[in-house]
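Colleague: got a predicted model here, sequence first, then my questions.
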Amino acid sequence: MKKSIKEEQEENSEFNREPSDSESVKRVVVVPGETIVSGEDYLPGEGTRRINEDVVASRYGLAEIAGRVIKVISLFGAFIPRRGNVVIGRVSDITFRGWNVDIDSASAGFLPIEESPRFINKDEMDQFLAIGEVVAAKIWNVNARGIDLSFKGKGLGKLEGGFIFRVIPSRVPRIIGREGSMVNLIKDKTGCNVTIGQNGWIWIRGSSISEEIRARKAIEYVAEQVFIDGLTEKMEEWFDKNK
């Protein structure tokens, strides 16, 4: 029978303290209604709620403690656009005001011409971004009309060369890792440039097709192993076996 997190808590005090920079975050799979931790010292975060003294999961996923805040990282579900998210999309149309961008969301993305990093002649907009080209952009506003995008930021703009593929959007935080630890490991081991969109689209460009494929396989491995603790160490082993 599966132990509740409350029981694991009593057996393992490691879940009750904030991890140091060298330690991995303790994560446990939870289901809706399951008690994650008890006590007024803890604050319910995303995917949780408080019932009396208990912080309870409100969705299926990985429970994570970060300081005093408890959150549940969803393992399934569609992309929910939020201000500040970096997304990858494909230009689907050009208007006199800017570019429509398909970001795999219910609402369309729109990149206004004034959000581009340099002056662009409105008669030559397709020379800067043509229909079908792939871009990385940041969401700076979400409203009833749609999702406003911007190129103003490091690493944003047209993505040339390489290829893109998709993972489940809710697994992106695991692929990025704590403070970028996982994606940086993949970059270091493959020598590839990797841009990860919160909408689940990932772009890879490397010096060779074999390294690009290796980076993709590594990312897909992480996406499939989200339930596992100590995933960074397992990825080190994976790269040793897949040189």
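Modeller: Perfect, thanks for sending it.
Colleague: buried stuff in the lengthiest helix in the chain?
Modeller: The single longest helix within the chain, with elements called by DSSP state H, is helix 209-224. For helix 209-224, burial by neighbour count (16 or more other CB atoms under 10 Å) applies to Glu211, Glu212, Arg214, Ala215, Arg216, Ala218, Ile219, Tyr221, Val222, Ala223. Backbone N, C-alpha and C define where each C-beta goes, glycine included.
Colleague: so what's the third one closest to, chain neighbours aside?
Modeller: When you say that, I think you mean Arg214. Spatially, and ignoring its direct neighbours in sequence, Arg214 is nearest to Thr190 (5.3 Å; CB to CB, 6 or more residues apart in numbering).
Colleague: show the contacting residues for the most centrally placed residue in the chain.
Modeller: In the chain, the residue lying closest to the centroid (CA atoms, centre = their mean) is Val172, at 2.9 Å. Listed by CB atoms under 8 Å, 6 or more residues apart in numbering, the contact set of Val172 reads Ile196, Gly197, Gln198, Gly200.
Colleague: just checking, the second one touches Ala136?
Modeller: Yes: taking CB atoms under 8 Å as the contact criterion, Gly197 and Ala136 are neighbours in contact, 6.7 Å apart.
Colleague: now do the shared contacts for those two.
Modeller: With CB under 8 Å, 6+ apart as the test, Gly197 and Ala136 both reach Val86, Val87, Ile88, Trp203.
Colleague: between the two ends of stretch 73-89, how far is it?
Modeller: End-to-end distance of stretch 73-89 (CA to CA, to the nearest Å): 24 Å.
Colleague: what comes up buried for that stretch?
Modeller: Result for stretch 73-89 [16+ other CB under 10 Å]: buried residues Ile73, Ser74, Leu75, Phe79, Pro81, Asn85, Val86, Val87, Ile88, Gly89.
Colleague: out of the residues you listed, who's nearest Gly155?
Modeller: Nearest to Gly155 among the buried residues of stretch 73-89 is Val86, at 7.9 Å by CB to CB.
Colleague: pLDDT-wise, which helix or strand of the chain ranks last?
Modeller: Lowest on mean pLDDT, DSSP states H and E among the helices and strands of the chain sits helix 5-11, with a mean of 46.
Colleague: okay, domains of the protein per the record?
Modeller: Here the domain parsing of the chain from automatic domain parsing is 5-74, 86-158, 163-241.
Colleague: let me know the average pLDDT across whichever strand or helix holds Val142.
Modeller: Using DSSP states H and E, the element containing Val142 is strand 134-143. Strand 134-143 comes out with an average pLDDT of 92.
Colleague: could you point out which element follows that strand?
Modeller: Note on strand 134-143: by DSSP H and E, the next helix or strand toward the C-terminus is strand 146-150.
Colleague: partners of that following strand, with directions?
Modeller: Using DSSP bridges, strand 146-150 pairs in its sheet with strand 109-112 (parallel), strand 134-143 (antiparallel).
Colleague: got the CA coordinates for the host helix or strand of Arg50 in CSV?
Modeller: Assigned by DSSP H and E, Arg50 falls within strand 48-51. The C-alpha trace of strand 48-51 is given here as CSV (Å, rounded to 0.1, in the frame of the first residue of the first chain):
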residue,chain,number,x,y,z
THR,A,48,-2.4,23.0,-3.2
ARG,A,49,-4.9,24.3,-0.7
ARG,A,50,-5.1,24.4,3.1
ILE,A,51,-7.6,22.3,5.1
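Colleague: what distance separates that strand from the centre of its chain?
Modeller: 24 Å (CA atoms, centre = their mean, to the nearest Å).
Colleague: all set, thanks.
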